[in-house]
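>>> Sequence plus predicted model, see below.
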Amino acid sequence: MSVSSSSIAPEHLNSSGCRIQYSESKGRGVYASREIPRNTVIEISPVLFFGKEEYEKYGKYTVLDHYTFKWKDGRMALALGLGSLFNHSNSPNVSYTLDPCTDSIRYRTVRNIDPDEELCIFYGHNLWFDPVDTTVSVINPELEDGWGGLSAAWNDHDDLGKLSNSVDQNEIADDHSLPFTMLKPPPEEEDLATVRTVLAWVVDVPESRQITTLLKWLKNSGSEDPSLGHLKRIRKQDGKTTLLLSVDPTPPELPVELELASPFQIPVPSSAALTLTSLSLKATFWPTFYAPKRKGEVEHWSRGKVEWAREAMKVVETEALKSQSENELPISAFMPASYGGGEDEKVAVAHDTRTSNSHPLRHAVLNLIRRVADLEVDKSSSSENGSNYLLTGRSVFLSHEPCIMCSMALLHSRVKQIFYLNPMRRTGGCGGVTCLPTLQGVNHRFEVFLWKEGVSKLVINEALDA
């Protein structure tokens, strides 16, 4: 956070419409002197570096310690220009990208900026100060705040709220105290008709000594198929021994000297058995490994990660209230930086704009995904698998359960998990009328969590698609 002993800010020459301004609560900060369109590069700050030894010996004992951060290669970095004057916000309107090629930081607006609006970035979750915008101001807390008192409810659960220095952030939180519940997917492949199979080549092997020869041949010829790792290689049934070969479209050419019968195709399970019921069913096709996952169980959450989730949901609340104040539907979406992720991870927030745009598709989730796509425009192309999916490995926090259309958009974007405050029983696509990521035939699954603390009394039309 930028701090100044003077209440007068210097003029700043900046063609992108930025100026330096002083405020009593934050000190110096960067403000818009005019309207600035979304996706505008407003600053490119060169970076000054300090060696680790130099910084440990001198820099950390000076005022620089409040402005420096760790660069990708481990050096301490100081952003010059406006870079060190952007204040923190849990609902940032500016994103930034570290550019190691030019040793600079590029700052870009993530939405349209109004004149005199402060331009803020997201510092991360391990702050050394109490952020000004952590909570939402309500004129009269005794009056209905539009969220059924939800904004005050955050303070009712301080046991996992703000973390003091005496609390170990890596300490595992008790499952019962987590602020959310995971929607457990229905059991899969629990009856014979639902067992998914693929056609595989197999061969009958009359002599046991030939098995060893065939296994060596599979390994040496590179014909071992990793997609069959969930199946046992050999089946013994009705006095016959059969070897599993591959799922290639054409039959494998077996060693001629073994004088075996021709391979033939049979259906085999396409995945491991997650339950004992599924195991018994799949065994009727081919011997299958039993691999019970913690399916439907919540992973262990550290107190630090719980705090990360709470802060993210506060951003959702703030954005929804902002949307409501602008006469929009109070529906919002937020993609925070991943817990423990890199400093250059993109952050995006959006709300519903169907009213102002007179457009039926301006849902909060679709606006968020569109915003993430805009942030990716300046990203270099990558051939890495999954690089073309916008939400791969990311968590998204929502004010309402997404509709079926938005749920499919999240699925196609390969989101890792979503958290939402308000269920939509009649229109929701993640637990309401259906749970899209658990349906058979979809090519991606993501986790769905329902927030259980501070349940909002906010009422929107039950027939509305959120």
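Noted; the coordinates are in hand.

>>> The host helix or strand of Glu311 packs against which elements?
Assigned by DSSP states H and E, Glu311 belongs to helix 303-325. Applying 3 or more C-beta pairs under 8 Å, 6 or more residues apart in numbering; DSSP states H and E, one finds that helix 303-325 makes contact with helix 150-153, strand 332-335, strand 348-351, strand 395-400, strand 417-422. Using the backbone N, CA and C atoms, a C-beta is placed for each residue, glycine as well.

>>> Compare the ones you listed and report which one is nearest to Ile105.
Ile105 lies closest to strand 348-351 among the helices and strands packed on helix 303-325, at 18.0 Å (C-beta to C-beta).

>>> any idea how far the helix holding Glu311 is from the chain center?
15 Å (C-alpha atoms, centre = their mean, to the nearest Å).

>>> in the stretch 201-350 of the chain, which segments are predicted with low confidence?
Scanning the stretch 201-350 of the chain for pLDDT under 70 picks out the ranges 292-299, 342-343.

>>> all strands for it, in order.
234-237, 240-246, 264-269, 332-335, 348-351 (DSSP state E, counting those that start in this stretch).

>>> Make TSV out of those strands and add mean neighbour count.
Converted to TSV, the strands of the stretch 201-350 of the chain look like this (neighbours: other C-beta atoms under 10 Å):
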stretch	mean neighbour count
strand 234-237	14
strand 240-246	18
strand 264-269	17
strand 332-335	29
strand 348-351	26
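
>>> could those go into JSON lines alongside distance to His412?
Below are the strands of the stretch 201-350 of the chain laid out as JSON lines (distance: least, C-beta to C-beta, whole Å):
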{"stretch": "strand 234-237", "distance to His412": "38"}
{"stretch": "strand 240-246", "distance to His412": "31"}
{"stretch": "strand 264-269", "distance to His412": "27"}
{"stretch": "strand 332-335", "distance to His412": "15"}
{"stretch": "strand 348-351", "distance to His412": "17"}
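
>>> closest to Leu436 out of these?
Using C-beta to C-beta, the nearest of the strands of the stretch 201-350 of the chain to Leu436 is strand 332-335, at 16.4 Å.

>>> can you list contacts of that closest one?
91, 312, 315-317, 319-320, 322-323, 346-352, 364-365, 367-368, 372, 391, 394-399 (C-beta atoms under 8 Å, 6 or more residues apart in numbering).

>>> if we go to 6 Å?
312, 315-316, 319-320, 323, 348-351, 364-365, 368, 394, 396-399 (C-beta atoms under 6 Å, 6 or more residues apart in numbering).

>>> hang on, Phe419 packs against Val448?
No: contact criterion C-beta atoms under 6 Å: Phe419 and Val448 do not qualify, at 8.3 Å.

>>> more neighbours, the two?
The residue with more neighbours, out of Phe419 and Val448, is Val448; 27 against 21, by other C-beta atoms under 10 Å.

>>> My guess is that one contacts Cys430. True?
Yes: in this structure, Val448 is within contact of Cys430 by C-beta under 6 Å, at 4.7 Å.

>>> just the helices in the stretch 51-200 of the chain please.
52-57, 150-153 (DSSP state H, counting those that start in this stretch).

>>> which stretch in those has the least confidence?
Ranked by mean pLDDT, the helices of the stretch 51-200 of the chain end with helix 150-153 at the bottom, a mean of 34.

>>> returning to that earlier point: which stretch among the strands of the stretch 201-350 of the chain comes nearest Trp201?
Comparing these by C-beta to C-beta, strand 240-246 comes nearest, at 4.3 Å.

>>> follow-up on the earlier one: show me what counts as buried in the helix holding Glu311.
303-324 (16 or more other C-beta atoms under 10 Å).

>>> end to end, how far does stretch 373-391 reach?
One end of stretch 373-391 sits 10 Å from the other (C-alpha to C-alpha, to the nearest Å).

>>> before we move on, what about stretch 45-55?
OK, stretch 45-55 end separation, C-alpha to C-alpha: 21 Å.

>>> contact partners of that stretch?
Contacts of stretch 45-55 (C-beta under 6 Å, 6+ apart): 59, 75-81, 83, 103-105.

>>> make it 10 Å
The contact list for stretch 45-55, computed with C-beta atoms under 10 Å, 6 or more residues apart in numbering, reads 56-62, 64-65, 68-71, 73-86, 96, 98-100, 102-107.

>>> Just give me how far that stretch sits from the chain centre.
31 Å.

>>> Please apply the same query to stretch 251-266.
On C-alpha atoms, centre = their mean, the centre of stretch 251-266 falls 47 Å from that of its chain.

>>> In that stretch, which residues are buried?
254, 260, 263.

>>> Distance of the last one relative to Ala273?
By that I understand Pro263. 25 Å (C-beta to C-beta, to the nearest Å).

>>> neighbours around Pro249, how many?
8.

>>> Phi and psi next, for it.
Here is the backbone geometry of Pro249 (degrees, to the nearest 10): phi -70, psi -30.

>>> ok, now which ones touch Ser465?
Not quite, residue 465 is Asp, not Ser. 331, 354, 360, 363, 400, 402-406, 424, 426-429.
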